[in-house]
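Asks: sharing a model prediction with you, sequence too.
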Protein chains: 2
Amino acid sequence: MGSREAKNALFDAFAAVAKALGSGRRAEIVDILAQGERSVDELAREIGQTVANTSQHLQQLLRAGLVDTRRDGNRIYYSLSGPAVSRLWAAVRQVAAGHAARLEEVAAAYLGDRSGMTVLTRPELSERLQAGDVVVVDVRPDAEFRSGHIAGALSLPVRELEKRLDELPAGRTVVAYCRGPFCVFADDAVRTLQRYGIPAARLEEGYPEWAAAGLPVEVHRPGAVPG
Amino acid sequence: MGSREAKNALFDAFAAVAKALGSGRRAEIVDILAQGERSVDELAREIGQTVANTSQHLQQLLRAGLVDTRRDGNRIYYSLSGPAVSRLWAAVRQVAAGHAARLEEVAAAYLGDRSGMTVLTRPELSERLQAGDVVVVDVRPDAEFRSGHIAGALSLPVRELEKRLDELPAGRTVVAYCRGPFCVFADDAVRTLQRYGIPAARLEEGYPEWAAAGLPVEVHRPGAVPG
DNA sequence: CTGCTATTCAAGATATTAATTGAATAGTGG
DNA sequence: CCACTATTCAATTAATATCTTGAATAGCAG
């Protein structure tokens, strides 16, 4: 009967959305785009794939409606097509996190040893920011900081962290954050700071989650060192 | 370098969750399980597949951590592994709905013509329930009604609707609801009622969304006809 | 134990997908 | 127009997924 075919078509249409996220490389692309728009070759470099391959993955995301494009000169910038996609990505991570078995070991292999690292949740950081006893440091690349960051945060990309330690106000705990709960930047930063004897912790999640929660952010203005 | 491999493994682990939903048949299974647990052959019948094939799909959902199993006698009951999975499924539908192009025609082919059908949103129904000028009818199969329904709803499965029209209190608009926004039951019910000259509308979403929103529900007690 | 039911496993045909390579297209600047 | 860059397209290979069929397993009823 035709109703079964129509029903199949309907659920196939839903499944197409999930399928688009069903490749590690495309998932990584979505994770990066959650920080802001990127050109094809920026993405290709970040995910460690050829430009041709990256382009094909992007076409699939486009066909599934997860991303939009914008042309600027002869570059094409891709971005998430809306907040529903961020929520979808967050839901995927959450389900994956709940199915701890496999994920934890894989995450540990990538993020490294987190024993001896303090991890602050969003409300904890929020509270300590008001108390004023911490410095919040955004350790993502500068471009991402400029496209939006936690209000009052200092930009200190991991790659430059070691050279610019003197920009940190002395005597206060540093809280590093980056792209999200499974981003290495903050972990690397905390370990570096601890090596220099500077008390440091990381924010459990990243900028997109902070912004999505409606907590205070700033756009396009470098944060001054508070105090 | 090993970090790239570890990163790939991490994102592959996330992607595995999405991939599990990346087949129309598995998506349909998840949609059904959102109403409550089911045995393998109930599911097989509902999705129109062989038991063997359905079992394999279920194994995949199990491996990805989307479902749990429970044995009762020689039947095995599958259910969603937690609310995070419902949220994931809702997020998928929402992204698909946003990418209107393809979905709308597919949905129309399955659900039929909705012109001339009033569709109430959750808050609208909530309000009219308090005003008391509508009868809410749950048109899902009885088992689903028993495992949870909107508080005060009357159970009147679509398949029996035409025979049991006399159970409807006269003079009030009937609001039918079922499994979710893309479930045909409510659409069919509204069209049937309208054929008999009974004023009817459907709830835009279904029981899972109502319950997830924290609105009043009842479990395992048939709703009395209010008034 | 035997027969029965529900579920899972295994093997094979067909179709889809990811990554690679090399060529084609669209825009920029001279 | 030409050279150059960024992106997409097309063809190939290797790996995976779906569905089908038929057999194997696990628990229940006698």
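Replies: Cool, got the structure.

Asks: can we go C-alpha only for contacts and neighbour counts from here?
Replies: Will do.

Asks: so which residues of chain A form strands?
Replies: Taking DSSP state E, the strands of chain A run over residues A:38-39, A:67-72, A:75-80, A:118-120, A:134-138, A:149-150, A:154-155, A:173-177, A:200-203, A:217-218.

Asks: DNA strand C is nearest to which of those?
Replies: strand A:67-72 (6.7 Å; Cα to the nearest atom of the strand).

Asks: the closest one pairs with which strands, parallel or anti?
Replies: strand A:75-80 (antiparallel) (DSSP bridges).

Asks: what residues does chain A put near DNA strand D?
Replies: A:39-42, A:51-53, A:55-56, A:58-59, A:74-77 (Cα under 7 Å from any atom of the strand).

Asks: distance to B:Val184, mean pLDDT and mean neighbour count added to the strands of chain A, as JSON lines?
Replies: What follows is the strands of chain A, written out as JSON lines (distance: least, Cα to Cα, whole Å; pLDDT from 0 to 100; neighbours: other Cα atoms under 10 Å in any protein chain shown):
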{"stretch": "strand A:38-39", "distance to B:Val184": "41", "mean pLDDT": "96", "mean neighbour count": "18"}
{"stretch": "strand A:67-72", "distance to B:Val184": "30", "mean pLDDT": "94", "mean neighbour count": "14"}
{"stretch": "strand A:75-80", "distance to B:Val184": "31", "mean pLDDT": "96", "mean neighbour count": "19"}
{"stretch": "strand A:118-120", "distance to B:Val184": "46", "mean pLDDT": "94", "mean neighbour count": "17"}
{"stretch": "strand A:134-138", "distance to B:Val184": "49", "mean pLDDT": "96", "mean neighbour count": "26"}
{"stretch": "strand A:149-150", "distance to B:Val184": "45", "mean pLDDT": "96", "mean neighbour count": "26"}
{"stretch": "strand A:154-155", "distance to B:Val184": "52", "mean pLDDT": "95", "mean neighbour count": "23"}
{"stretch": "strand A:173-177", "distance to B:Val184": "46", "mean pLDDT": "96", "mean neighbour count": "25"}
{"stretch": "strand A:200-203", "distance to B:Val184": "45", "mean pLDDT": "96", "mean neighbour count": "24"}
{"stretch": "strand A:217-218", "distance to B:Val184": "44", "mean pLDDT": "93", "mean neighbour count": "16"}
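
Asks: could you dump these to TSV with distance to B:Pro199?
Replies: Converted to TSV, the strands of chain A look like this (distance: least, Cα to Cα, whole Å):
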stretch	distance to B:Pro199
strand A:38-39	52
strand A:67-72	42
strand A:75-80	42
strand A:118-120	55
strand A:134-138	58
strand A:149-150	53
strand A:154-155	61
strand A:173-177	56
strand A:200-203	55
strand A:217-218	50
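
Asks: for B:Glu46, find the nearest of those strands.
Replies: B:Glu46 lies closest, by Cα to Cα, to one member of the strands of chain A: strand A:67-72, at 33.4 Å.

Asks: can you say which of the strands of chain A is nearest to B:Lys163?
Replies: So among the strands of chain A, strand A:67-72 is nearest, using Cα to Cα, at 48.8 Å.

Asks: what sits up against the closest one?
Replies: Strand A:67-72 is contacted by residues A:Leu58, A:Leu61, A:Leu62, A:Ile76, A:Tyr77, A:Tyr78, A:Ser79, A:Leu80, A:Ser81, A:Gly82 when judged by Cα atoms under 8 Å, 6 or more residues apart in numbering or on different chains.

Asks: and stretch A:5-15, by the same measure?
Replies: Identification of contacts with stretch A:5-15 by Cα under 8 Å, 6+ apart yields B:21-25, B:27-28, B:92-93, B:96, B:102-103, B:106-107, B:109-110.

Asks: hmm, 7 Å instead?
Replies: Contacts with stretch A:5-15, where a contact means Cα atoms under 7 Å, 6 or more residues apart in numbering or on different chains, come from B:21-24, B:27-28, B:92-93, B:96, B:103, B:106-107, B:109-110.

Asks: state the mean pLDDT of that stretch.
Replies: Here the mean pLDDT over stretch A:5-15 is 93, rounded to a whole number.

Asks: residues of it that come out buried?
Replies: A:Ala6, A:Lys7, A:Asn8, A:Ala9, A:Leu10, A:Phe11, A:Asp12, A:Ala13, A:Phe14, A:Ala15 (16 or more other Cα atoms under 10 Å in any protein chain shown).

Asks: of the residues of chain A next to DNA strand D, buried ones?
Replies: Among the residues of chain A next to DNA strand D, those classed as buried by 16+ other Cα under 10 Å are A:Ser39, A:Val40, A:Asp41, A:Ser55, A:Leu58, A:Tyr77.

Asks: ok, the second one to chain B distance?
Replies: A:Val40 sits 19 Å away from chain B when distances are taken as Cα to the nearest Cα, to the nearest Å.

Asks: the helix or strand bottoming out on mean pLDDT in chain A - contacts with which helices or strands?
Replies: In chain A, no helix or strand scores lower on mean pLDDT, DSSP states H and E than helix A:100-111, which sits at a mean of 82. Helix A:100-111 sits against helix B:2-20, with contacts defined as 3 or more Cα pairs under 7 Å, 6 or more residues apart in numbering or on different chains; DSSP states H and E.

Asks: just the CA trace of the helix it packs on, in PDB.
Replies: The C-alpha trace of helix B:2-20 is given here as PDB (Å, rounded to 0.1, in the frame of the first residue of the first chain):
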ATOM      1  CA  GLY B   2      48.600  10.400  17.000                       C
ATOM      2  CA  SER B   3      46.600  13.300  18.100                       C
ATOM      3  CA  ARG B   4      44.800  13.400  14.800                       C
ATOM      4  CA  GLU B   5      43.900   9.800  15.100                       C
ATOM      5  CA  ALA B   6      42.700  10.200  18.600                       C
ATOM      6  CA  LYS B   7      40.600  13.200  17.500                       C
ATOM      7  CA  ASN B   8      39.200  11.200  14.600                       C
ATOM      8  CA  ALA B   9      38.300   8.400  17.000                       C
ATOM      9  CA  LEU B  10      36.500  10.900  19.300                       C
ATOM     10  CA  PHE B  11      34.400  12.400  16.500                       C
ATOM     11  CA  ASP B  12      33.800   9.000  15.000                       C
ATOM     12  CA  ALA B  13      32.300   8.000  18.400                       C
ATOM     13  CA  PHE B  14      29.900  11.000  18.300                       C
ATOM     14  CA  ALA B  15      29.100  10.200  14.700                       C
ATOM     15  CA  ALA B  16      28.200   6.700  15.600                       C
ATOM     16  CA  VAL B  17      25.200   8.000  17.600                       C
ATOM     17  CA  ALA B  18      24.000  10.000  14.600                       C
ATOM     18  CA  LYS B  19      24.600   7.200  12.300                       C
ATOM     19  CA  ALA B  20      22.300   5.000  14.400                       C
END
